[in-house]
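Q: What follows is a predicted structure for the sequence shown.
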Amino acid sequence: MANVLLIKANSRPIEQSVSVKLYHSFKESYQAANPEDTITELDLFNENLPYYDNDKINGMFKLSRGLELTDSEVEATNLVTKYLDQFIAADKVVIAFPLWNFTVPAVLHTYLDYLAQAGKTFKYTAEGPVGLLGDKKVVLLNARGGIYSEGPAQSAEMAVNFVTNMLHFWGVTNITTVIVEGHNQYPDQAEEIIATGLDKAATVAREF
Ligand SMILES: Cc1cc2nc3c(=O)[nH]c(=O)nc-3n(C[C@H](O)[C@H](O)[C@H](O)COP(=O)(O)O)c2cc1C
């Protein structure tokens, strides 16, 4: 029985959002194939995470060294640790997110700031940083209106690239990515592009 964490970084309603459609297509298919698994849903816009600020930076550093924290650092680190422990405890993680202004929505960036903790998700060694989450399986579900997989915009893509690099830094190698792209750039093909992506998300979910 796997512990699965489904993360959604888009507050738009399903009718308006391709990445939210991907999220639900994946979830329904996964649940049907794995009814015994424990699934936790994390809607990042609902969580309303405060930015990773000085109390969190200093507090998490002090915590890792066993140093005494101020009251506000205790509060800050309790919040960070809640999300960090939840992520570490998951056997499988799914992250659904749109491409916004070439990158991820700010809530997802903040969430990844919470997770990037030396001694927890990676560690420093004499040979350089080493990831600590090698056992975790991850699926990324992403939608982007233009084409970024090839052509002139390729180097501007900092959403899937960013999340993938963070996961690699934490030692995650088992990453499957489902991307829907070009539906805004080519509106006449949008229906088919989106339908193909939703099918793929459902297939990946059954095999995850
Ligand atoms: C705030 C915002 C910024 C966006 N920036 C880009 C962009 O830089 N490049 C692009 O191709 N599409 C961009 N889009 C379009 C989305 O990538 C597209 O709608 C895609 O389907 C993901 O959003 P969705 O999951 O809500 O549908 C943007 C959309 C919004 C709302």
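A: Received the coordinates, thanks. Numbering: from 1, shown residues only.
Q: what does the helix or strand containing V20 rub up against?
A: Secondary structure assignment for V20, by DSSP states H and E: helix 18-33. Contacts to helix 18-33, defined as Cβ atoms under 8 Å, 6 or more residues apart in numbering, come from residues 4, 6, 8-10, 12-14, 37, 39, 41, 94, 96-98, 139, 141-143, 178, 180, 183, 194, 197-199, 201-206, 208. The C-beta positions use only the backbone N, C-alpha and C, and glycine is treated the same way.
Q: and those residues, which are buried?
A: For the contacts of helix 18-33, a burial check counting by 16 or more other Cβ atoms under 10 Å picks out 4, 6, 8-10, 39, 94, 96-98, 139, 141-143, 178, 180, 183, 194, 197-198, 201-202, 204-205, 208.
Q: quick revisit: now do the helix holding V20, average pLDDT.
A: Averaging pLDDT along helix 18-33 yields 98.
Q: got it, and stretch 201-208?
A: pLDDT averaged over stretch 201-208 gives 97.
Q: in this protein, which residue is closest to the centre?
A: I95 (3.8 Å; Cα atoms, centre = their mean).
Q: Please list the residues of the chain that sit near the ligand.
A: 10, 12, 17-19, 98-102, 143-146, 184 (Cβ under 6 Å from any ligand atom).
Q: Show me these that map onto strands.
A: 98, 143-144 (DSSP state E).
Q: Please tabulate the residues you listed in a markdown table and include pLDDT as additional columns.
A: A markdown table is the format used below for those (pLDDT from 0 to 100):
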| residue | pLDDT |
| --- | --- |
| P98 | 98 |
| A143 | 98 |
| R144 | 98 |
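Q: Would you mind giving those as JSON lines with distance to K123 added?
A: Output for these, formatted as JSON lines (distance: Cβ to Cβ, whole Å):
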{"residue": "P98", "distance to K123": "32"}
{"residue": "A143", "distance to K123": "34"}
{"residue": "R144", "distance to K123": "33"}
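Q: all helices for this protein, in order.
A: For the chain, applying DSSP state H gives helices covering 18-33, 44-47, 54-65, 71-89, 106-115, 160-169, 190-207.
Q: What is the distance between the fourth one and the centre of its chain?
A: If you compare the mean C-alpha spot of helix 71-89 with that of the full chain, they lie 17 Å apart, counting by Cα atoms, centre = their mean, to the nearest Å.
Q: Please name every helix or strand in contact with that helix.
A: Other helices and strands packing on helix 71-89, by 3 or more Cβ pairs under 8 Å, 6 or more residues apart in numbering; DSSP states H and E, are strand 3-8, helix 54-65, helix 106-115.
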